[in-house]
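1. Predicted model and sequence follow; I will ask about them next.
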Amino acid sequence: MSYAGVGAIVRGSEDKLMAITDIRYWTNKSDEITSVLIPYVTRVSMALGIDKELRMPPKAQENGRGEIEGSYLPAVLFPVYAKCQKCGLLHNNPWGKQDKQLTENVLCEVCESQLEQTTWCSVSNKGHLSEVPWHYICHLKSDKECKSDFESNYLKLTTDSNGKRIVRCHRCQSSNYYEKSQLKVINGIQPWIYTKAPKLEDDDIVEILEVNSPGVYLPERVNALVIPPESRISKTSIVDRLFNNSKLCREIESIKIPLRKKAKLKEAAREYRCSVEEIKKSLKAIKDGYPYFDENLTIGDLIEDEYEAFLEEFENVADDEDFVTVHKTKELYALKDENIGSDLKAIIMMIGNHIVATRLERDTSI
Ligand SMILES: [Zn+2]
Ligand SMILES: [Zn+2]
């Protein structure tokens, strides 16, 4: 998902800024998980300390009629504030209040000009992301009594006489700068989590930034390759196909009546075009821990193993393997005997191995 991971702010198909919600919401309308399982990533999962399944993000497809089919990455409108293009008046979620679709125009309640979504957010050093507390900032330096009111629109985004951005209250005339302001409070945990505000520590910092500022979204990333032996597992064997059909395995396992179990096994054998014996054998293998990876790995081991995997030459590479290399060191060294000049020869002598990775990606369509 790279730039569009959980918590990232992206531009949705309605041309509005949206925040990608977390994996609890990656389901279809019936609350079922629809994303595809990534099999044989036990090494990577263990090294990352993940004891759950790894899955691909949901991917919808457009059908011939231009409609979207299947589930997609869920997102919520963020920021929900919009400002009038003409007078700068801030409106809190005008799409919701005016009962409009996100694709429809929403108008200013005062001057009837078009509203546009604001592009400011508050972020904390702990990873919280929330709306800008506009009323709070506006009155931060003011001693006037002015109560916040989410129902009415009384704050304006404008500039002062020096051209600096300010938020101004139309009730009490208080105003304040907001760009890059540092606060000690944040209103929420994430835009899609509607619980009370998180508690901050004394040295925590909350900043008001534009949504596309580099500091707003900094996901943690770890790169890892699927290497042998996992990359070499045949995706066409019965045991493997059963392994990737955990629903069927659970179904068979849960049947207690012998006759019914026998019938289900027969049905599975018919489906997989093999003998009942083979199904039984495969089920036992899965129960015994197929595909048998139970080492205790760390990130350090992963990188070392990946390096080793590059150095090893494999024979009889199958079409569905996920890690395929071609060793070219001999060809590289053979160049030394040709008339290529001493500079190039010196460079060749510095290279220990020349290995081409022709395949590193997992083809999830398999
Ligand atoms: Zn207006
Ligand atoms: Zn005020």
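-> That came through fine. Numbers count the residues shown, from 1 in each chain. Ligands and ions are numbered 1, 2, ... in the order given.

2. near ligand 1, which residues of the protein?
-> 84, 86, 87, 89, 108, 110, 111, 113 (C-beta under 5 Å from the ion). Yep, even glycine has a C-beta here, placed from its N, CA and C like the rest.

3. contacting residues for the last one?
-> Residue 113 makes contacts with 84, 85, 86, 87, 107, as judged by C-beta atoms under 8 Å, 6 or more residues apart in numbering.

4. Can you flag which of these belong to helices?
-> Among those, DSSP state H puts none in helices.

5. Of those residues, keep whichever come out buried.
-> Neighbour-count burial (16 or more other C-beta atoms under 10 Å) applied to the contacts of residue 113 gives residue 84.

6. Number of residues surrounding residue 134?
-> 24 (other C-beta atoms under 10 Å).

7. no, scratch that, I was asking about residue 315
-> Using other C-beta under 10 Å, residue 315 is surrounded by 4 other residues.

8. and it, what pLDDT?
-> pLDDT recorded at residue 315 is 81.

9. what's the spacing between it and residue 332?
-> 21 Å (C-beta to C-beta, to the nearest Å).

10. so where do the strands sit in the stretch 1-150 of the chain?
-> For the stretch 1-150 of the chain, the strands defined by DSSP state E, counting those that start in this stretch cover 9-11, 17-20, 61-62, 68-69, 75-77, 81-84, 90-92, 115-117, 120-124, 129-130.

11. I'd like those as TSV, with distance to residue 244 and mean pLDDT appended.
-> Formatted as TSV, the strands of the stretch 1-150 of the chain follow (distance: least, C-beta to C-beta, whole Å; pLDDT from 0 to 100):
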stretch	distance to residue 244	mean pLDDT
strand 9-11	31	94
strand 17-20	27	96
strand 61-62	21	80
strand 68-69	23	78
strand 75-77	29	95
strand 81-84	46	97
strand 90-92	47	96
strand 115-117	42	96
strand 120-124	40	96
strand 129-130	36	96
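
12. Residue 154 is nearest to which of those strands?
-> strand 90-92 (8.3 Å; C-beta to C-beta).

13. biggest separation within the contacts of residue 113, which pair?
-> Checking these with C-beta to C-beta, the most distant pair is 87 and 107, at 11.5 Å.

14. Buried ones in the helix ranked longest in the chain, by neighbour count?
-> For the chain, the longest helix by residue count, based on DSSP H, is helix 258-272. Neighbour-count burial for helix 258-272, with 16+ other C-beta under 10 Å as criterion, is recorded at 264, 265, 268, 269, 272.

15. and the stretch 51-200 of the chain, which of its residues are near ligand 2?
-> 146, 169, 171, 172, 174.

16. Any idea how many residues pack against the closest residue to the last one other than its chain neighbours?
-> Using C-beta to C-beta, 6 or more residues apart in numbering and skipping the chain neighbours, the partner closest in space to residue 174 is residue 142 (3.6 Å). Neighbours of residue 142 under the rule other C-beta under 10 Å: 14.

17. So residue 283 lies in a helix, does it not?
-> Yes - judged by DSSP: H, G, I helix; E, B strand; the rest coil, residue 283 forms part of a helix.

18. residues near it, how many?
-> Residue 283: 21 neighbours (other C-beta under 10 Å).

19. My guess is it contacts residue 249. True?
-> Yes - using C-beta atoms under 8 Å, residue 283 is in contact with residue 249, at 6.5 Å.

20. what is in contact with the two at once?
-> Taking C-beta under 8 Å, 6+ apart as the contact rule, residue 283 and residue 249 both touch residue 242.

21. Is residue 120 in contact with residue 180, as I believe?
-> No - using C-beta under 8 Å, residue 120 makes no contact with residue 180, being 10.4 Å away.

22. Name the residue in these two with the higher neighbour count.
-> residue 120 (21 against 11).

23. contacting residues around the more buried one?
-> Residue 120 touches 79, 81, 132, 178, 208, 209, 210, 211, counting by C-beta under 8 Å, 6+ apart.

24. Need the max-distance pair from these.
-> Within the contacts of residue 120, 81 and 209 form the most distant pair, 14.6 Å apart (C-beta to C-beta).

25. who's more crowded, those two?
-> Neighbours per residue (other C-beta under 10 Å) separate residue 81 from residue 209, with residue 81 holding more: 22 against 19.

26. Could you measure from the nearest residue to that one once chain neighbours are set aside over to ligand 1?
-> Spatial nearest neighbour of residue 81, excluding adjacent residues (C-beta to C-beta, 6+ apart): residue 118 at 4.4 Å. For residue 118, the distance to ligand 1 equals 14 Å [C-beta to the ion, to the nearest Å].

27. Alright, calling it a day.
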